[in-house]
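Novice: Below are the sequence and a predicted model; questions follow.
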Amino acid sequence: MQDRLRGPRSAAIDAACSCPDNTDEFFTDNELDETLHGSRDIAPGADSLTPSLHDWDRGGKSLILDLNNHSWVEGCLHMSWKTAIIHLVPKPRDPAVMRPISLLSCIAKTAERLVPSHLAWKLGPLHLQLFTYLPGRSAPQCLASFLHELRCGRGIAVFLDLEKAFELANPDIVLVALAANGVHGRLLS
């Protein structure tokens with residue numbers, strides 16, 4: 001079934017990517033400043049640039065913005081932005097097991113942080129019951145919300161641990177869902 005749906009999904013994705021959208025606009029100085037303000041990078045990547053890009057002068061920031069806007073228009077990342085220095089770090093609970101940490105280019109990480117603001121603007125706020133990887137939402141808030149629902153008799157708990165869920169998600173299905181929700185142009189590309 002996946003093979004049969006691949007063609008129509010690819011066609012829908014291609015059509016949505018080629019459709020101009022108001023999110024195709026260049027990133028602005030304000031968006032860059034907001035992105036850099038929240039960055040907490042602590043180690044440089046293969047480019048050896050300082051992770052404190054928010055301390056750069058306006059000329060340096062303009063260069064970063066130009067690089068990111070060029071990448072945005074071209075729809076691809078420069079190969080050097082994909083190069084990582086990998087360090088093995090022991091897991092806190094099992095020091096015998098090592099986990100890889102990838103140190104990427106600070107400019108690439110900045111590019112990666114600019115895009116979600118356009119996506120959030122396009123899609124609007126996420127569901128209030130989502131807590132993972134969202135600013136201002138934490139595990140204690142999640143637990144408090146869950147316990148409140150249980151005390152009110154409205155809560156049902158289902159605990160799932162989907163191993164490798166992110167790695168196994170079908171990108172075409174995600175892209176078709178985004179296109180169906182109005183994400184087009186460069187943002188979908």
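Specialist: Structure's in. What do you need? Residues are numbered from 1 along each chain as shown.

Novice: helix, strand or coil for the residue sitting furthest away from the middle of the chain?
Specialist: Residue farthest from the centre of the chain, counting by CA atoms, centre = their mean, is Gly153 at 35.5 Å. Classification of Gly153 using DSSP: H, G, I helix; E, B strand; the rest coil returns coil.

Novice: Now it. Its backbone dihedrals?
Specialist: Here is the backbone geometry of Gly153 (degrees, to the nearest 10): phi 80, psi 20.

Novice: Can you measure across stretch 126-142, start residue to end residue?
Specialist: 15 Å (CA to CA, to the nearest Å).

Novice: ranges for the strands of this structure?
Specialist: 85-90, 98-103 (DSSP state E).

Novice: now, of those strands, which is deepest in the fold?
Specialist: Mean neighbour count (mean count of other CB atoms under 10 Å) peaks for strand 98-103 among the strands of the chain, with a mean of 12. Heads up, the C-betas are built off the backbone N, CA and C, glycines and all.

Novice: gap between that one and the chain center?
Specialist: 19 Å (CA atoms, centre = their mean, to the nearest Å).

Novice: residue ranges with poor pLDDT in the chain?
Specialist: Applying pLDDT under 70 to the chain picks out residues 38-42, 50-54.

Novice: Show the contacting residues for the residue farthest from the centre of the chain.
Specialist: For Gly153, no contacting residues are found, by CB atoms under 8 Å, 6 or more residues apart in numbering.

Novice: about what we covered before: who wins for proximity to Phe146 among the strands of the chain?
Specialist: Nearest to Phe146, of all the strands of the chain, is strand 98-103, at 28.7 Å by CB to CB.

Novice: Given that closest one, what are its sheet partners and their directions?
Specialist: strand 85-90 (antiparallel) (DSSP bridges).

Novice: can you list the residues that contact stretch 14-26?
Specialist: Residues contacting stretch 14-26 (CB under 8 Å, 6+ apart): 69, 72-73, 118-119, 121-122, 175, 178-179, 183-189.

Novice: With that, I have no additional questions.
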